[in-house]
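Undergrad: When you get a sec, could you give me coordinates for this:
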Amino acid sequence: MKRVEGGVCAPLGFSAAHCAGHIKYENRNDCAMIFSEVPCTAAATFTTNVVKAAPVQFDRSIVSSGKPVSAVVVNTGIANAATGKEGLSICAEEAEAAKKALSLHDSEVLVASTGVIGARVPLDRIITAIDDMAGKLMRSAEEAAEASEAIRTTDTHGKQIAISFEIGGKTVTIGAMAKGSGMIHPNMCTMLSFVMTDCAISKELLQEALSETVGDSYNMISVDGDMSTNDTCMLLANGMAGNAEITEKEEDYEAFLSALRIVNLHLAKSMAEDGEGATKLLECRVIHADTKEHAKILAKSVIESNLTKAAVFGNDANWGRIFCALGYAGVPFNPDIVDIWCGSGLSISEETDLLAAGEKIPEAMSLRLVEDGLATGYDEGTATEMLKSPHVVVTCDMKAGEASAEAFGCDLTHEYININADYRS
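TA: As a prediction, this is how the structure comes out:
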């Protein structure tokens, strides 16, 4: 298994395009398209917010129907959420415009939007953008990168990755791009993720693999505790790698699942690291918990704590805030035996390369702040320097079992307020 160039264009048969659709922003690209030259099997997960954007409702209907999908159209700037029947009509007209522009007859088009809630996507502009992009689709690493940049809102950079591996002697590739920076909270998180693969796999197993990997990736990040209306993760498989179709949970499925997990984990951590105004990736690793579910709850409680996030921003090893966040997570544990460590992690790229090579991410338990529920008398100067790392890792040893989990967030800075105080303007 190895990382390769090309993002969403890395798998066979996929091309991309981007343009400035003037949906909300001026002087920047704000639309993207992904196209497969043969129809795809589709799987997806969506926001659990009761208020679901029109694109979420539209796409969920198509994916659940089992219809093949050949393209995805994405715009940024306007979310097309809380827009009623007119919002759904806009989605349908977008899809029809794309089908016409791409000469599609036997497959569907999915749509995705992100941006300001309550505003409708201007139909004339998005149709013009669709016609523009349909005429300049390209399969290149450069175009994939441009497409990942075009779907940004407050993200500081595009997010993409591609992984290749072998199944039955055939090279299979998964390529993906995503956006996410603010309004990020688990179950799904506020994000858009588009994952493409040339693997041949049944719809049932494609959906199962996606749902499982989402649980350990996108559902384990949080930037600000706000869950979006538009969260979507799409997974399209066109089968062009030529492998025997995966229909059982055997060796081939496990290989696909492992690669998909690496792709989604990379994108999830990239979102957390790029949280609005963030200067650091904050990771909490809970080890030796009694159950996996409890480990997840505890880890998320720490990275969601505003007081912990603020302390990390200030390079303050205030372990009491971490201990407190564990305590109100709603999971029973014995505080008199807990250890808390603080350390520095590798970069996201370095971690992804290790995972792709089949290696474990090393422990980051450098400085023990708490032992058996009590402060260790650690050196504050050493702790302060450690917290200046761009990747801060907090490890909580619950000493209650063998389960573990990781959650990912970021520090809370003054810039977060600045970004969100005038988001609509």
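Undergrad: in this structure, what residue sits furthest out from the centroid?
TA: Distance to the chain centre peaks in the chain at Gly377, reaching 38.3 Å (criterion: C-alpha atoms, centre = their mean).
Undergrad: Just confirm that residue is within a helix.
TA: No: counting by DSSP: H, G, I helix; E, B strand; the rest coil, Gly377 is located in no helix; its state is coil.
Undergrad: tell me what the helix or strand where Lys100 lies is packed against?
TA: Here Lys100 sits within helix 84-101, counting by DSSP states H and E. On a contact count with 3 or more C-beta pairs under 8 Å, 6 or more residues apart in numbering; DSSP states H and E, helix 84-101 meets helix 54-65, strand 69-78, strand 108-116, helix 123-134. Using the backbone N, CA and C atoms, a C-beta is placed for each residue, glycine as well.
Undergrad: What ranges does the stretch 251-400 of the chain have for its strands?
TA: 281-289, 339-344, 367-371, 374-375, 391-397 (DSSP state E, counting those that start in this stretch).
Undergrad: Need the winner for burial among the ones you listed.
TA: For those, the largest average neighbour count (mean count of other C-beta atoms under 10 Å) is found in strand 281-289, namely a mean of 25.
Undergrad: strands paired with that strand, and their directions?
TA: Partners of strand 281-289 in the sheet, by DSSP bridges, are strand 391-397 (parallel), strand 403-410 (antiparallel).
Undergrad: Give me the distance from the last one to the chain's centre.
TA: Chain-centre distance of strand 403-410: 14 Å, with C-alpha atoms, centre = their mean, to the nearest Å.
Undergrad: Which residues does it contact?
TA: Outside of strand 403-410, the residues within contact range by C-beta atoms under 8 Å, 6 or more residues apart in numbering are 216, 220-223, 268-269, 272-273, 275, 278-292, 294-296, 298-300, 302-304, 309.
Undergrad: can you rerun that using 7 Å?
TA: For strand 403-410, contacts defined as C-beta atoms under 7 Å, 6 or more residues apart in numbering pick out 220-223, 268-269, 272-273, 275, 278, 280-287, 289-292, 294-296, 299-300, 302-304, 309.
Undergrad: Narrow these to those that are buried.
TA: 220-223, 268-269, 272-273, 275, 278, 280-287, 289-290, 292, 294-296, 299-300, 302-304, 309 (16 or more other C-beta atoms under 10 Å).
Undergrad: about what we covered before: which of the helices and strands packed on helix 84-101 sits closest to Ala364?
TA: Comparing the helices and strands packed on helix 84-101 against Ala364 with C-beta to C-beta, the closest turns out to be strand 108-116 (32.6 Å).
Undergrad: Which residues does the closest one contact?
TA: Contacts for strand 108-116 (C-beta under 7 Å, 6+ apart): 24, 53, 55, 58-59, 62, 67-80, 91, 94-95, 98-99, 121, 153, 179, 192, 230, 232, 234, 424.
Undergrad: run the last query once more with 6 Å
TA: Residues from elsewhere that reach strand 108-116 (C-beta atoms under 6 Å, 6 or more residues apart in numbering): 24, 55, 59, 62, 67, 69, 71-80, 91, 94-95, 98-99, 121, 153, 192, 230, 232, 424.
Undergrad: Could you measure from the residue nearest in space to the middle of the chain over to Val8?
TA: Nearest to the geometric centre of the chain sits Ala268, at 3.7 Å (C-alpha atoms, centre = their mean). To Val8, Ala268 is 17 Å away according to C-beta to C-beta, to the nearest Å.
Undergrad: go on, Glu93?
TA: According to C-beta to C-beta, Glu93 and Val8 sit 24 Å apart.
Undergrad: Helices of this structure, start to end?
TA: In the chain, the segments counted as helices under DSSP state H are 54-65, 84-101, 123-134, 141-150, 203-215, 251-273, 292-304, 306-313, 319-327, 348-356, 380-386, 414-421.
Undergrad: Distance from the third one to the middle of the chain?
TA: Meaning helix 123-134. 26 Å.
Undergrad: cool, and the fifth one?
TA: Using C-alpha atoms, centre = their mean, the distance from the centre of helix 203-215 to the centre of the chain it belongs to is 14 Å.
Undergrad: Next, the angle from it to helix 54-65.
TA: 140 degrees (axes from the mean of the first three to the mean of the last three C-alpha atoms, to 10 degrees).
Undergrad: Averaged pLDDT, helix 203-215. What do you get?
TA: For helix 203-215, the mean pLDDT works out to 96.
Undergrad: Show me which of the contacts of strand 108-116 are buried.
TA: In the contacts of strand 108-116, the ones that pass as buried (16+ other C-beta under 10 Å) are 24, 55, 59, 62, 69, 71-80, 91, 94-95, 98-99, 121, 153, 192, 230, 232.
Undergrad: pretty sure Ile130 contacts Ala97?
TA: Yes: contact criterion C-beta atoms under 6 Å: Ile130 and Ala97 qualify, at 4.9 Å.
Undergrad: Contact partners for Asp131?
TA: Counting by C-beta under 6 Å, 6+ apart, Asp131 makes contact with Ala101.
Undergrad: what bridges to Cys31?
TA: Under DSSP bridges, the residues paired with Cys31 across the bridge are Cys19, Asn75.
Undergrad: What count of nearby residues applies to it?
TA: Cys31: 27 surrounding residues under other C-beta atoms under 10 Å.
Undergrad: measure it to Val111 for me?
TA: In terms of C-beta to C-beta, Cys31 sits 11 Å off from Val111.
Undergrad: cool, and Ile297?
TA: For Ile297, the distance to Val111 equals 34 Å [C-beta to C-beta].
Undergrad: out of those two, which sits in the busier spot?
TA: Shown here are Ile297 and Val111; by other C-beta under 10 Å, Val111 has more neighbours (27 against 18).
Undergrad: Against Val73, how distant is the more buried one?
TA: Separation of Val111 from Val73 (C-beta to C-beta): 5 Å.
Undergrad: Then Asp124?
TA: 15 Å.
Undergrad: just to revisit the earlier point, between Ile130 and Ala97, who's got more neighbours?
TA: Ile130 (30 against 20).
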